[in-house]
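S.K.: Any chance you could fold what I've pasted below:
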Amino acid sequence: MNAYALHSAGATAAWLAFGYKLTALRKAPRDYALVALCGTLLFSAIAYTVAHPRVYVPVDRLLGFPNAAALVAMSCVVLGLAGQQFVLIFWAHPHGAARHRARPRVLSAVFVLLALFTLFPLAEPSERRPEDFALHYVDNPPLAVFLSVYSLYFVWGEVAVARLSHGYAKISHRLWLRRGLYLVALGSWLTLSVSLSRAVGIALAALSLDPDAMEPALHVLGNLGALIVYVGWTLPGWGPVLGAPGRHLRARRQYRRLRPLRNALHELAPTIELPACADGFWRRLRPSWLEFQVYRQVIEIRDCQLALRPYADPGAVRVAGELGRAAGLGARQVLAVQEATRLASMVRSCRRHTVPDHQGAPPTATGPEGSGLADEIDWLVTVAEAMERSPQVAAALARGDVTR
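M.R.: Numbers count the residues shown, from 1 in each chain. You can find the predicted model right below:
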(Lines give C-alpha, C1' and ligand atoms only; values in the text may rest on other atoms or scores of the structure.)
Protein backbone atom coordinates (compact mmCIF):
# COMPACT_ATOMS: atom_id res chain seq x y z
CA MET A 1 0.00 0.00 0.00
CA ASN A 2 1.53 3.37 -1.10
CA ALA A 3 1.52 6.68 0.75
CA TYR A 4 -1.51 7.94 -1.19
CA ALA A 5 -3.65 4.98 -0.18
CA LEU A 6 -2.54 5.21 3.46
CA HIS A 7 -3.34 8.90 3.63
CA SER A 8 -6.69 8.35 1.94
CA ALA A 9 -7.61 5.57 4.38
CA GLY A 10 -6.59 7.67 7.38
CA ALA A 11 -8.46 10.75 6.17
CA THR A 12 -11.58 8.71 5.40
CA ALA A 13 -11.51 7.09 8.86
CA ALA A 14 -11.08 10.49 10.53
CA TRP A 15 -14.00 12.07 8.67
CA LEU A 16 -16.21 9.05 9.36
CA ALA A 17 -15.36 9.19 13.08
CA PHE A 18 -16.12 12.93 13.14
CA GLY A 19 -19.45 12.44 11.37
CA TYR A 20 -20.42 9.62 13.71
CA LYS A 21 -19.75 11.63 16.89
CA LEU A 22 -21.39 14.71 15.37
CA THR A 23 -24.71 12.84 15.29
CA ALA A 24 -24.33 12.20 19.03
CA LEU A 25 -23.56 15.90 19.61
CA ARG A 26 -26.95 16.84 18.18
CA LYS A 27 -28.56 14.98 21.10
CA ALA A 28 -26.31 16.57 23.76
CA PRO A 29 -25.14 19.96 22.43
CA ARG A 30 -24.09 21.18 25.90
CA ASP A 31 -21.81 18.25 26.66
CA TYR A 32 -18.43 20.00 26.78
CA ALA A 33 -16.46 16.76 26.56
CA LEU A 34 -18.44 15.65 23.50
CA VAL A 35 -17.95 19.05 21.87
CA ALA A 36 -14.21 18.73 22.49
CA LEU A 37 -14.18 15.19 21.09
CA CYS A 38 -15.94 16.33 17.92
CA GLY A 39 -13.43 19.17 17.60
CA THR A 40 -10.57 16.74 18.14
CA LEU A 41 -11.78 14.43 15.38
CA LEU A 42 -12.42 17.41 13.09
CA PHE A 43 -8.88 18.74 13.56
CA SER A 44 -7.50 15.27 12.97
CA ALA A 45 -9.52 14.90 9.78
CA ILE A 46 -8.33 18.31 8.52
CA ALA A 47 -4.70 17.42 9.34
CA TYR A 48 -4.96 14.16 7.45
CA THR A 49 -6.68 15.81 4.49
CA VAL A 50 -4.36 18.79 3.97
CA ALA A 51 -1.27 16.60 4.44
CA HIS A 52 -2.40 14.30 1.64
CA PRO A 53 0.15 14.59 -1.20
CA ARG A 54 -2.59 15.43 -3.72
CA VAL A 55 -4.21 18.09 -1.50
CA TYR A 56 -0.97 19.63 -0.22
CA VAL A 57 -0.21 21.82 -3.26
CA PRO A 58 -3.79 23.13 -3.75
CA VAL A 59 -3.85 24.18 -0.08
CA ASP A 60 -0.56 26.02 -0.58
CA ARG A 61 -2.01 27.87 -3.55
CA LEU A 62 -5.19 28.69 -1.66
CA LEU A 63 -3.32 30.16 1.34
CA GLY A 64 -0.73 31.90 -0.81
CA PHE A 65 2.61 30.61 0.48
CA PRO A 66 4.66 27.39 0.12
CA ASN A 67 4.20 24.55 2.62
CA ALA A 68 1.18 26.24 4.18
CA ALA A 69 -0.43 22.79 4.29
CA ALA A 70 2.36 21.57 6.59
CA LEU A 71 1.73 24.45 9.00
CA VAL A 72 -2.04 23.83 8.94
CA ALA A 73 -1.63 20.08 9.47
CA MET A 74 0.80 20.49 12.38
CA SER A 75 -1.42 23.13 14.00
CA CYS A 76 -4.42 20.80 13.74
CA VAL A 77 -2.40 17.99 15.31
CA VAL A 78 -1.54 20.24 18.25
CA LEU A 79 -5.20 21.18 18.67
CA GLY A 80 -6.22 17.53 18.37
CA LEU A 81 -3.83 16.43 21.10
CA ALA A 82 -5.04 19.21 23.40
CA GLY A 83 -8.64 18.26 22.63
CA GLN A 84 -8.09 14.62 23.54
CA GLN A 85 -6.62 15.62 26.91
CA PHE A 86 -9.55 17.98 27.46
CA VAL A 87 -12.04 15.15 26.79
CA LEU A 88 -10.33 12.72 29.13
CA ILE A 89 -10.02 15.26 31.95
CA PHE A 90 -13.69 16.23 31.74
CA TRP A 91 -14.71 12.55 31.72
CA ALA A 92 -12.61 11.73 34.76
CA HIS A 93 -13.30 14.75 37.00
CA PRO A 94 -16.19 16.99 38.09
CA HIS A 95 -16.73 20.10 35.99
CA GLY A 96 -15.02 22.54 38.35
CA ALA A 97 -11.96 20.37 38.94
CA ALA A 98 -11.78 19.50 35.23
CA ARG A 99 -11.63 23.17 34.23
CA HIS A 100 -8.78 23.73 36.68
CA ARG A 101 -6.85 20.70 35.42
CA ALA A 102 -7.46 21.44 31.74
CA ARG A 103 -6.37 25.10 31.84
CA PRO A 104 -2.57 24.52 31.81
CA ARG A 105 -2.91 21.99 28.98
CA VAL A 106 -4.91 24.43 26.88
CA LEU A 107 -2.40 27.21 27.59
CA SER A 108 0.50 24.96 26.60
CA ALA A 109 -1.20 24.22 23.27
CA VAL A 110 -1.74 27.96 22.69
CA PHE A 111 1.91 28.65 23.49
CA VAL A 112 3.07 25.97 21.02
CA LEU A 113 0.78 27.34 18.29
CA LEU A 114 2.17 30.84 18.82
CA ALA A 115 5.70 29.46 18.58
CA LEU A 116 4.91 27.57 15.37
CA PHE A 117 3.29 30.57 13.67
CA THR A 118 6.22 32.76 14.75
CA LEU A 119 9.01 30.43 13.63
CA PHE A 120 7.50 29.31 10.31
CA PRO A 121 7.77 32.71 8.51
CA LEU A 122 11.34 33.10 9.78
CA ALA A 123 12.33 29.81 8.15
CA GLU A 124 10.89 30.74 4.73
CA PRO A 125 10.57 27.16 3.37
CA SER A 126 10.19 28.13 -0.28
CA GLU A 127 10.27 24.67 -1.91
CA ARG A 128 7.09 22.60 -1.57
CA ARG A 129 7.81 19.21 0.03
CA PRO A 130 4.53 17.33 0.55
CA GLU A 131 6.17 13.97 1.26
CA ASP A 132 9.36 14.78 3.20
CA PHE A 133 8.89 18.27 4.63
CA ALA A 134 10.60 17.58 7.97
CA LEU A 135 13.53 15.65 6.52
CA HIS A 136 14.20 18.10 3.74
CA TYR A 137 14.36 21.23 5.92
CA VAL A 138 16.24 19.75 8.86
CA ASP A 139 19.33 21.83 7.93
CA ASN A 140 17.36 25.09 8.13
CA PRO A 141 18.06 26.43 11.69
CA PRO A 142 14.76 28.32 12.24
CA LEU A 143 12.79 25.42 10.80
CA ALA A 144 14.80 22.96 12.87
CA VAL A 145 13.64 24.86 15.97
CA PHE A 146 10.10 24.86 14.54
CA LEU A 147 10.20 21.07 14.10
CA SER A 148 11.76 20.57 17.53
CA VAL A 149 8.97 22.54 19.25
CA TYR A 150 6.34 20.58 17.35
CA SER A 151 8.00 17.22 17.99
CA LEU A 152 8.45 17.85 21.70
CA TYR A 153 4.81 18.84 22.09
CA PHE A 154 3.69 15.85 20.01
CA VAL A 155 5.66 13.43 22.18
CA TRP A 156 4.42 15.04 25.40
CA GLY A 157 0.83 15.14 24.13
CA GLU A 158 0.77 11.48 23.04
CA VAL A 159 2.25 10.38 26.38
CA ALA A 160 -0.38 12.44 28.22
CA VAL A 161 -3.24 11.01 26.14
CA ALA A 162 -1.99 7.45 26.55
CA ARG A 163 -1.59 7.78 30.31
CA LEU A 164 -4.91 9.56 30.86
CA SER A 165 -6.91 7.13 28.72
CA HIS A 166 -5.28 4.09 30.31
CA GLY A 167 -5.82 5.45 33.82
CA TYR A 168 -9.47 6.30 33.20
CA ALA A 169 -10.10 2.93 31.53
CA LYS A 170 -9.05 1.15 34.71
CA ILE A 171 -11.74 2.87 36.78
CA SER A 172 -14.52 3.00 34.18
CA HIS A 173 -17.55 0.80 34.86
CA ARG A 174 -18.82 0.92 31.27
CA LEU A 175 -17.47 -2.04 29.34
CA TRP A 176 -17.28 -0.53 25.86
CA LEU A 177 -15.96 2.79 27.12
CA ARG A 178 -13.22 0.90 28.96
CA ARG A 179 -12.33 -1.04 25.82
CA GLY A 180 -12.36 2.11 23.71
CA LEU A 181 -10.03 3.95 26.07
CA TYR A 182 -7.61 1.03 26.07
CA LEU A 183 -7.57 1.26 22.27
CA VAL A 184 -6.93 5.02 22.46
CA ALA A 185 -3.99 4.33 24.76
CA LEU A 186 -2.65 1.63 22.42
CA GLY A 187 -2.97 3.85 19.35
CA SER A 188 -1.31 6.76 21.16
CA TRP A 189 1.68 4.66 22.19
CA LEU A 190 1.96 3.37 18.63
CA THR A 191 1.93 6.83 17.04
CA LEU A 192 4.36 7.98 19.74
CA SER A 193 6.80 5.25 18.75
CA VAL A 194 6.45 6.37 15.13
CA SER A 195 7.18 9.97 16.13
CA LEU A 196 10.26 8.92 18.07
CA SER A 197 11.45 6.85 15.12
CA ARG A 198 10.93 9.82 12.82
CA ALA A 199 12.91 12.01 15.23
CA VAL A 200 15.72 9.50 14.90
CA GLY A 201 15.36 9.80 11.14
CA ILE A 202 15.68 13.58 11.32
CA ALA A 203 18.80 13.18 13.41
CA LEU A 204 20.22 10.76 10.81
CA ALA A 205 19.44 13.24 8.06
CA ALA A 206 21.28 15.95 10.00
CA LEU A 207 24.28 13.61 10.09
CA SER A 208 24.05 13.12 6.30
CA LEU A 209 22.79 9.55 6.73
CA ASP A 210 19.87 8.12 4.72
CA PRO A 211 16.68 7.75 6.82
CA ASP A 212 14.41 6.88 3.87
CA ALA A 213 14.58 3.15 4.55
CA MET A 214 12.44 3.62 7.66
CA GLU A 215 9.73 5.74 6.02
CA PRO A 216 7.48 2.97 4.53
CA ALA A 217 7.23 1.16 7.86
CA LEU A 218 6.64 4.43 9.72
CA HIS A 219 3.82 5.38 7.35
CA VAL A 220 2.09 2.06 7.97
CA LEU A 221 2.52 2.17 11.76
CA GLY A 222 1.50 5.82 12.01
CA ASN A 223 -1.71 5.30 10.07
CA LEU A 224 -2.44 2.11 11.98
CA GLY A 225 -2.03 3.94 15.30
CA ALA A 226 -4.33 6.76 14.17
CA LEU A 227 -6.94 4.26 12.98
CA ILE A 228 -6.86 2.49 16.36
CA VAL A 229 -7.38 5.85 18.09
CA TYR A 230 -10.43 6.62 15.89
CA VAL A 231 -11.90 3.21 16.65
CA GLY A 232 -11.28 3.74 20.35
CA TRP A 233 -13.04 7.12 20.48
CA THR A 234 -16.12 5.84 18.64
CA LEU A 235 -16.28 2.31 20.10
CA PRO A 236 -18.49 3.25 23.12
CA GLY A 237 -21.23 4.25 20.66
CA TRP A 238 -21.31 1.30 18.26
CA GLY A 239 -19.53 -1.34 20.33
CA PRO A 240 -22.66 -2.55 22.17
CA VAL A 241 -24.12 -3.58 18.80
CA LEU A 242 -21.32 -6.13 18.49
CA GLY A 243 -22.39 -7.70 21.77
CA ALA A 244 -26.08 -7.93 20.79
CA PRO A 245 -25.96 -11.59 19.64
CA GLY A 246 -24.21 -12.64 22.84
CA ARG A 247 -26.67 -10.65 24.95
CA HIS A 248 -29.57 -12.27 23.13
CA LEU A 249 -28.24 -15.80 23.67
CA ARG A 250 -27.48 -15.12 27.34
CA ALA A 251 -30.95 -13.64 27.94
CA ARG A 252 -32.62 -16.57 26.15
CA ARG A 253 -30.72 -19.05 28.30
CA GLN A 254 -31.66 -17.18 31.47
CA TYR A 255 -35.30 -16.94 30.37
CA ARG A 256 -35.52 -20.68 29.66
CA ARG A 257 -33.83 -21.57 32.97
CA LEU A 258 -36.13 -19.33 35.03
CA ARG A 259 -39.36 -20.14 33.21
CA PRO A 260 -40.12 -23.50 34.95
CA LEU A 261 -39.52 -21.94 38.38
CA ARG A 262 -41.64 -18.91 37.58
CA ASN A 263 -44.47 -21.07 36.18
CA ALA A 264 -44.47 -23.38 39.21
CA LEU A 265 -44.76 -20.43 41.59
CA HIS A 266 -47.25 -18.58 39.40
CA GLU A 267 -49.54 -21.64 39.43
CA LEU A 268 -49.87 -21.28 43.19
CA ALA A 269 -49.95 -17.46 43.31
CA PRO A 270 -51.39 -16.27 39.98
CA THR A 271 -52.08 -12.73 41.24
CA ILE A 272 -48.39 -11.85 41.14
CA GLU A 273 -48.29 -11.80 37.33
CA LEU A 274 -47.28 -8.39 36.02
CA PRO A 275 -49.39 -6.68 33.33
CA ALA A 276 -48.45 -7.70 29.81
CA CYS A 277 -46.91 -5.13 27.45
CA ALA A 278 -48.05 -4.58 23.88
CA ASP A 279 -44.90 -5.47 21.94
CA GLY A 280 -44.59 -5.56 18.17
CA PHE A 281 -42.90 -8.29 16.18
CA TRP A 282 -39.67 -6.39 15.50
CA ARG A 283 -39.35 -5.30 19.12
CA ARG A 284 -39.38 -8.93 20.19
CA LEU A 285 -36.23 -9.57 18.12
CA ARG A 286 -34.17 -7.09 20.16
CA PRO A 287 -31.98 -8.38 23.00
CA SER A 288 -33.45 -5.66 25.24
CA TRP A 289 -36.94 -7.19 24.92
CA LEU A 290 -35.79 -10.60 26.10
CA GLU A 291 -33.73 -9.00 28.89
CA PHE A 292 -36.86 -7.17 30.01
CA GLN A 293 -38.78 -10.46 30.09
CA VAL A 294 -36.06 -11.95 32.31
CA TYR A 295 -36.37 -8.92 34.58
CA ARG A 296 -40.14 -9.49 34.80
CA GLN A 297 -39.52 -13.11 35.76
CA VAL A 298 -37.18 -12.07 38.58
CA ILE A 299 -39.79 -9.68 40.00
CA GLU A 300 -42.55 -12.28 39.77
CA ILE A 301 -40.40 -14.98 41.40
CA ARG A 302 -39.50 -12.70 44.28
CA ASP A 303 -43.15 -11.64 44.71
CA CYS A 304 -44.16 -15.30 44.81
CA GLN A 305 -41.58 -15.99 47.47
CA LEU A 306 -43.13 -13.33 49.66
CA ALA A 307 -46.66 -14.60 49.00
CA LEU A 308 -45.76 -18.26 49.72
CA ARG A 309 -43.33 -17.59 52.58
CA PRO A 310 -45.51 -19.30 55.24
CA TYR A 311 -45.28 -22.58 53.30
CA ALA A 312 -41.47 -22.82 53.46
CA ASP A 313 -40.05 -25.80 55.40
CA PRO A 314 -37.04 -24.59 57.45
CA GLY A 315 -36.25 -28.15 58.48
CA ALA A 316 -35.80 -29.23 54.87
CA VAL A 317 -33.63 -26.15 54.27
CA ARG A 318 -31.42 -27.09 57.22
CA VAL A 319 -31.07 -30.68 55.99
CA ALA A 320 -30.21 -29.45 52.47
CA GLY A 321 -27.40 -27.31 53.89
CA GLU A 322 -26.02 -30.24 55.86
CA LEU A 323 -26.13 -32.50 52.81
CA GLY A 324 -24.49 -29.87 50.64
CA ARG A 325 -21.62 -29.31 53.06
CA ALA A 326 -21.19 -33.08 53.47
CA ALA A 327 -20.95 -33.39 49.68
CA GLY A 328 -18.10 -30.83 49.63
CA LEU A 329 -20.02 -28.04 47.90
CA GLY A 330 -18.73 -24.48 48.09
CA ALA A 331 -20.40 -21.82 50.21
CA ARG A 332 -22.31 -20.31 47.26
CA GLN A 333 -23.44 -23.74 46.05
CA VAL A 334 -24.69 -24.60 49.56
CA LEU A 335 -26.67 -21.35 49.64
CA ALA A 336 -28.15 -22.16 46.22
CA VAL A 337 -29.15 -25.66 47.37
CA GLN A 338 -30.78 -24.21 50.50
CA GLU A 339 -32.67 -21.58 48.50
CA ALA A 340 -33.80 -24.18 45.96
CA THR A 341 -35.00 -26.43 48.79
CA ARG A 342 -36.85 -23.51 50.33
CA LEU A 343 -38.68 -22.81 47.05
CA ALA A 344 -39.40 -26.48 46.40
CA SER A 345 -40.80 -26.90 49.91
CA MET A 346 -43.06 -23.89 49.34
CA VAL A 347 -44.47 -25.46 46.19
CA ARG A 348 -44.94 -28.87 47.86
CA SER A 349 -46.58 -27.52 51.03
CA CYS A 350 -48.86 -25.17 49.15
CA ARG A 351 -50.08 -27.96 46.88
CA ARG A 352 -50.74 -30.13 49.95
CA HIS A 353 -52.40 -27.24 51.78
CA THR A 354 -50.16 -27.77 54.80
CA VAL A 355 -48.13 -25.22 56.72
CA PRO A 356 -44.83 -26.57 58.15
CA ASP A 357 -43.86 -26.05 61.77
CA HIS A 358 -41.56 -23.02 62.03
CA GLN A 359 -40.84 -23.28 65.75
CA GLY A 360 -37.12 -23.34 66.54
CA ALA A 361 -36.14 -23.36 62.89
CA PRO A 362 -32.85 -21.77 61.80
CA PRO A 363 -32.84 -18.80 59.40
CA THR A 364 -33.39 -19.77 55.79
CA ALA A 365 -31.08 -18.82 52.97
CA THR A 366 -31.96 -15.88 50.74
CA GLY A 367 -28.83 -15.66 48.60
CA PRO A 368 -25.93 -13.19 48.37
CA GLU A 369 -26.73 -9.70 49.65
CA GLY A 370 -25.88 -6.33 48.10
CA SER A 371 -25.84 -7.62 44.50
CA GLY A 372 -27.05 -5.85 41.36
CA LEU A 373 -29.67 -6.98 38.89
CA ALA A 374 -27.23 -9.03 36.80
CA ASP A 375 -25.98 -10.84 39.92
CA GLU A 376 -29.56 -11.39 41.06
CA ILE A 377 -30.47 -12.98 37.72
CA ASP A 378 -27.41 -15.23 37.79
CA TRP A 379 -28.25 -16.23 41.35
CA LEU A 380 -31.83 -17.17 40.53
CA VAL A 381 -30.67 -19.14 37.47
CA THR A 382 -28.31 -21.09 39.74
CA VAL A 383 -31.14 -21.69 42.21
CA ALA A 384 -33.52 -22.81 39.46
CA GLU A 385 -30.94 -25.28 38.14
CA ALA A 386 -30.32 -26.61 41.65
CA MET A 387 -34.06 -26.99 42.22
CA GLU A 388 -34.32 -29.06 39.05
CA ARG A 389 -31.13 -31.14 39.21
CA SER A 390 -29.54 -31.10 42.68
CA PRO A 391 -29.63 -34.46 44.49
CA GLN A 392 -29.32 -32.63 47.81
CA VAL A 393 -32.61 -30.82 47.19
CA ALA A 394 -34.42 -34.05 46.36
CA ALA A 395 -32.89 -35.82 49.36
CA ALA A 396 -33.81 -33.01 51.75
CA LEU A 397 -37.43 -33.01 50.57
CA ALA A 398 -37.62 -36.81 50.76
CA ARG A 399 -36.22 -36.79 54.30
CA GLY A 400 -38.81 -34.19 55.23
CA ASP A 401 -41.53 -36.52 53.97
CA VAL A 402 -40.14 -39.38 56.08
CA THR A 403 -40.03 -37.30 59.26
CA ARG A 404 -43.66 -36.38 58.76
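S.K.: Stretch 294-302: which residues count as buried?
M.R.: Buried residues in stretch 294-302, counted by 16 or more other CB atoms under 10 Å: 294-298, 300-301. C-beta here means a position set from N, CA and C on the backbone, and glycine is covered the same way.
S.K.: what ranges do the helices span in the stretch 251-400 of the chain?
M.R.: 281-284, 287-307, 314-326, 331-352, 373-389, 391-403 (DSSP state H, counting those that start in this stretch).
S.K.: low pLDDT regions in the stretch 251-400 of the chain?
M.R.: Residue ranges of the stretch 251-400 of the chain with pLDDT under 70: 274-287, 357-371, 400.
S.K.: returning to what we had before: could you dump the helices of the stretch 251-400 of the chain to TSV with distance to Gly237?
M.R.: Output for the helices of the stretch 251-400 of the chain, formatted as TSV (distance: least, CB to CB, whole Å):
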stretch	distance to Gly237
helix 281-284	22
helix 287-307	17
helix 314-326	46
helix 331-352	36
helix 373-389	22
helix 391-403	46
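S.K.: Those helices: which one's closest to Asp60?
M.R.: Distance to Asp60, taken as CB to CB, is lowest for helix 287-307 among the helices of the stretch 251-400 of the chain, at 51.9 Å.
S.K.: Gly96: how many residues sit nearby?
M.R.: Gly96 is flanked by 8 other residues according to other CB atoms under 10 Å.
S.K.: out of the helices of the stretch 251-400 of the chain, nearest to Val194?
M.R.: Judging the helices of the stretch 251-400 of the chain by CB to CB, what sits closest to Val194 is helix 287-307, at 39.5 Å.
S.K.: Nearest spatial neighbour of Ala33, chain-adjacent residues omitted?
M.R.: Spatial nearest neighbour of Ala33, chain neighbours left out: Phe90 (4.0 Å); criterion: CB to CB, 6 or more residues apart in numbering.
S.K.: how far out from the middle of the chain is whichever strand or helix holds that neighbour?
M.R.: Under the criterion of DSSP states H and E, Phe90 resides in helix 68-92. The gap between where helix 68-92 is centred and where its chain is centred comes out at 22 Å by CA atoms, centre = their mean, to the nearest Å.
S.K.: again with stretch 249-264
M.R.: Using CA atoms, centre = their mean, the distance from the centre of stretch 249-264 to the centre of the chain it belongs to is 28 Å.
S.K.: next one: stretch 309-323
M.R.: On CA atoms, centre = their mean, the centre of stretch 309-323 falls 43 Å from the chain's centre.
S.K.: mind listing what's buried in that stretch?
M.R.: Result for stretch 309-323 [16+ other CB under 10 Å]: buried residues 311-321, 323.
S.K.: Is it possible to get JSON lines of those residues that adds distance to Met387?
M.R.: As requested, the buried residues of stretch 309-323 are exported to JSON lines (distance: CB to CB, whole Å):
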{"residue": "Tyr311", "distance to Met387": "15"}
{"residue": "Ala312", "distance to Met387": "13"}
{"residue": "Asp313", "distance to Met387": "14"}
{"residue": "Pro314", "distance to Met387": "17"}
{"residue": "Gly315", "distance to Met387": "17"}
{"residue": "Ala316", "distance to Met387": "12"}
{"residue": "Val317", "distance to Met387": "12"}
{"residue": "Arg318", "distance to Met387": "17"}
{"residue": "Val319", "distance to Met387": "15"}
{"residue": "Ala320", "distance to Met387": "11"}
{"residue": "Gly321", "distance to Met387": "15"}
{"residue": "Leu323", "distance to Met387": "14"}
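S.K.: And the residues you listed, which is closest to Arg252?
M.R.: Ala320 (29.3 Å).
S.K.: Make sure the closest one is actually in contact with Gln392.
M.R.: Yes: counting by CB atoms under 8 Å, Gln392 is a contact partner of Ala320 at 5.4 Å.
S.K.: Now do the shared contacts for those two.
M.R.: Each of 337, 341 lies in contact with both Ala320 and Gln392 under the rule CB atoms under 8 Å, 6 or more residues apart in numbering.
S.K.: Strands along the protein, start to end?
M.R.: Ranges of strands in the chain, per DSSP state E: none exist.
S.K.: and the nearest residue to Gly232 once chain neighbours are set aside, how many neighbours?
M.R.: Spatial nearest neighbour of Gly232, excluding adjacent residues (CB to CB, 6+ apart): Leu183 at 3.2 Å. When neighbours are counted by other CB under 10 Å, Leu183 registers 21.
S.K.: out of the buried residues of stretch 309-323, who's nearest Arg250?
M.R.: Arg250 has its nearest neighbour among the buried residues of stretch 309-323 in Ala320, at 28.1 Å by CB to CB.
S.K.: which non-adjacent residue is nearest Leu192?
M.R.: Nearest residue to Leu192, sequence neighbours excluded (CB to CB, 6+ apart): Glu158, at 4.0 Å.
S.K.: Give the burial count for the one you found, as a bare number.
M.R.: Neighbours of Glu158 using other CB under 10 Å come to 24.
S.K.: surely it meets Ser188?
M.R.: Yes: using CB under 8 Å, Glu158 makes contact with Ser188 at a distance of 4.9 Å.
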